[in-house]
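Chemist: structure, please.
(one chain, ligands or ions: 1)
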Amino acid sequence: MNFAHFAPVRRKPVYNAAQFASQNGYLLTRARFRVMKRNVIRWFLVAAAAALLFSFPTIGGAQTASAAPHKAQPPRSVRLYVFDCGVLHNADMGRFNLKAEDVATTDMSMGCFLIAHPKGNLIWDTGAIPDDSWTPTGRMTTQHVTLPDGQKRDADVDKTLLGQLKEIGYSPSDINYLALSHYHYDHTANANEFASATWLVRQIERDAMFGGKFSGSLQPSTFSALQKSKTVIIKTDEYDVFGDGSVIIKSAPGHTQGHQVLYVKLAKTGGVVLSGDLYHYPAEKTLDRVPTFEFSQDQTRASRVAVDAFLKKTGAQLWIQHDFVGNAKLKKSPQFYE
Ligand SMILES: [Zn+2]
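Modeler: Below is the predicted model:
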C-alpha cells in the first residue's frame, strides 16, 4: 500500500516545525504549527481511508472472480457441454452378458451433461460420486461407494460436477431443468444439488424411486430432495423440452421402468443421442447382448430397436455414456459442442 500516492499533489511532506518554517520562509507560530500538524494528520487519515476504499474492492473482486469467473449468458444457439464425472471400475462383466475379452476396457466413463439453450438449460445425469462426499486434490482419487444393498463400487474422480459448472459460469440455481436417464446410483449422485430445477421424469420411474419396486442399484439419499421439486411428469414417448425440436427426451424403457435417452440437435455437430444405459459397452450393440440386471430385458430390446429407428430418421450419432473409449474422444467442458 503506497500512501504517498494519496498525499497532497506535489507537496513535500512536513514532519516538523523547522522543515515547515524553512519551506515557507517565515516563522511559524506555535498555533500555526498545531493547525499544520492537524492537517497532516487529516491528510494521513484521508489517504488511509482512500487506500482502504480502493484496496477492498480489489480484494473482494479477486474473491468474486475465483468464486464465479463470470455469469453464463444464454447462448445464441444450443450448446452441449460434456463433464468428466469420473471412471467407474467394473469387475464383473457377467452382469452385462459379456466377457472381459469382448470389450476394449472394462472401465466405464461417467459423463454428466449440460445442454445450454437460448431459452434455458438442462442437466442430464449427475455422476456416481456426490460432490459433497470428497474434496478434490487436483489429482485422480479413488472413491469407494457402498450401496444400500451392501454392494461396493470403486470410482476414480478428480473433478466435482459443481466445480466444472462453476468454471463455465453456472451455479445449481441457474439450472432450469434436471432430467436423469434413470435412477441408478451412478447417474443420481448430485441430483439433490438441482432440486430447485424443474425435474422432468416419467411417473413410473418416479414411483420406483420413492418407495416403489426398483431394479438395480439405487442410492436414494442422493435424490431424496427431488421429491419436493417442481416436477413435469412426461406422458409422451418424446418430450420436447424447449418446444423447438432441438432437445428431446425420448422414452427408452427396460433398463429401468422409465429409462430415457436424450436427443440434442446441434447446428454444427448435428444430432446426438445420449444413450443413458440403453447400452453400457459398444459390444452390447455389436454382439447383441442385454445386461442381466434390467428391469425388463424385452423392453430393453424393443427400446434399442426404437432408438435405432430414431437414429436413422434423424441422422444422429449415438453417444454411449459409459463407453470409456468413446467418451475419451469427446471434448470436455469448458469446451462444448454446438
Ligand atoms: Zn449407468
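Chemist: if we ignore the residues flanking it in sequence, what's nearest the residue in the stretch 101-250 of the chain that the ion sits nearest to?
Modeler: Of all residues in the stretch 101-250 of the chain, residue 186 sits closest to the ion, with a separation of 4.3 Å (C-beta to the ion). For every residue, glycine as well, the C-beta is placed using N, CA and C. What sits nearest to residue 186 in space, not counting adjacent residues and going by C-beta to C-beta, 6 or more residues apart in numbering, is residue 128, at 3.9 Å.
Chemist: hmm, that neighbour is touching residue 86, no?
Modeler: Yes. With contacts counted by C-beta atoms under 8 Å, residue 128 reaches residue 86, the gap being 6.4 Å.
Chemist: where do the contact lists of those two overlap?
Modeler: Shared contacts of residue 128 and residue 86, defined by C-beta atoms under 8 Å, 6 or more residues apart in numbering, are found at 110, 155.
Chemist: show me what from the stretch 151-300 of the chain comes close to the ion.
Modeler: Proximity of the stretch 151-300 of the chain to the ion is assessed by C-beta under 5 Å from the ion, with 186, 277 identified as the residues in range.
Chemist: point out where the stretch 151-300 of the chain drops to low pLDDT.
Modeler: Applying pLDDT under 70 to the stretch 151-300 of the chain flags no residue at all.
Chemist: how about the strands in it?
Modeler: Listed from the start of the chain, the stretch 151-300 of the chain has strands (DSSP state E, counting those that start in this stretch) covering 152-157, 177-179, 198-201, 231-233, 238-240, 247-251, 260-266, 270-274.
Chemist: so residue 305, which state does it fall into?
Modeler: When the structure is reduced to helix, strand and coil (DSSP: H, G, I helix; E, B strand; the rest coil), residue 305 reads as helix.
Chemist: do you know how far it is from residue 311?
Modeler: Between residue 305 and residue 311 the computed distance is 11 Å (C-beta to C-beta, to the nearest Å).
Chemist: of those two, who's got more company?
Modeler: Applying other C-beta atoms under 10 Å to residue 305 and residue 311 shows that residue 311 carries more neighbours, namely 16 against 10.
Chemist: distance of residue 125 from residue 181?
Modeler: Separation of residue 125 from residue 181 (C-beta to C-beta) stands at 6 Å.
Chemist: how many neighbours does the nearest residue to residue 90 once chain neighbours are set aside have?
Modeler: Taking C-beta to C-beta, 6+ apart, and ignoring the residues beside it in sequence, residue 90 has residue 106 as its nearest neighbour in space, at 4.9 Å. Under the neighbour criterion other C-beta under 10 Å, residue 106 is assigned a count of 18.
Chemist: next one: residue 132
Modeler: Close neighbours of residue 132, defined as other C-beta under 10 Å, add up to 12.
Chemist: phi first, then psi, for it.
Modeler: Backbone dihedrals for residue 132, given as degrees, to the nearest 10, come out at phi -80, psi 10.
Chemist: what's the pLDDT at it?
Modeler: Per-residue confidence at residue 132 stands at 95 (pLDDT).
Chemist: and if you look at residue 147?
Modeler: You'll see residue 147 listed with a pLDDT of 88.
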